[in-house]
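> Curious how this folds, go ahead:
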Amino acid sequence: SGVLFHSFNHMLVKSLLFQGAGSLYLHFHHRNMERMGGIMKSVPIFGTLMLFGLASICALPPFAGFASEFIIYSGLFQASKLISESYLPLLMLLTTVFVALTGGLAVAAFSRFFSTVFLGSQRFPDNHPFHFGWQEKVTMALLSGWIIWVGVAPEQLLTFFQSIYLSIFPDQTTANWG
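Predicted coordinates:
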């Protein structure tokens, strides 16, 4: 159920980030980050909404990515206690270390992206202002709100995914995360 929850969260977060990346491309007409900059000064709402998505994809609290990764970590630790074969708890530990390392690399990569594109000063002259239409504002704000809500109060959504898991594997028991 944690994997289903995490997949759902990735759908939300990546929808937000791809929409933001599309907005950047429509404005600059290129994908070179080094030629962008200072967007947070000119369009702070866009930068803030993108920051919410980037923080969630890096699994930082209080966003949805943190809630689902916490469930996955907890599941890995719980599974390592239940398995009696000698090599499987070690495999669970290595998997946990790998997931944590991946999260750390994501923080490093997305920190560089955000600082290059959104912070600092504008690197090249831009003849037209950044257009951030109301449709983009509404959809990105809704996705960001959902990401924060799921991160702060994941119980109902997690219960829903547990019911899906139990309908597929009716003989399994799951921990009560709510």
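
> Following the chain onward from the lowest-mean-pLDDT helix or strand in the chain, which element is next?
One helix or strand of the chain scores below all others by mean pLDDT, DSSP states H and E: helix 64-82, with a mean of 84. Downstream of helix 64-82, the first helix or strand assigned by DSSP states H and E is helix 88-117.

> ok, how many other residues are close to the residue nearest to Met50 when sequence neighbours are not counted?
In this structure, Met50 finds its nearest non-sequential neighbour in Gly20, 4.6 Å apart by Cβ to Cβ, 6 or more residues apart in numbering. Just so you know, the C-beta spots here come from the backbone N, C-alpha and C atoms, and that holds for glycine as well. Residues within reach of Gly20, counting by other Cβ atoms under 10 Å, total 22.

> Gly20 and Lys137 touch, don't they?
No: Gly20 lies out of contact with Lys137 (Cβ atoms under 8 Å); the separation is 11.5 Å.

> where does this structure have low pLDDT?
84-85, 126-128, 172-178 (pLDDT under 70).

> Can you pull up the most central residue in it?
Closest residue to the average C-alpha location of the chain: Ile57 at 2.2 Å, with Cα atoms, centre = their mean.

> How about the contacts made by that residue?
With contact set as Cβ atoms under 8 Å, 6 or more residues apart in numbering, Ile57 has these partners: His10, Val13, Lys14, Leu17, Gly65, Ala106, Phe110.

> mind checking how far it is from Met92?
Using Cβ to Cβ, to the nearest Å, one obtains 24 Å as the distance from Ile57 to Met92.

> Can you tell me the element the residue nearest to Met50 falls in?
Gly20 belongs to helix 2-28, assigned by DSSP H and E.

> now the angle between helix 64-82 and that helix, please.
150 degrees (axes from the mean of the first three to the mean of the last three Cα atoms, to 10 degrees).

> between helix 2-28 and helix 88-117, how big is the angle?
20 degrees.
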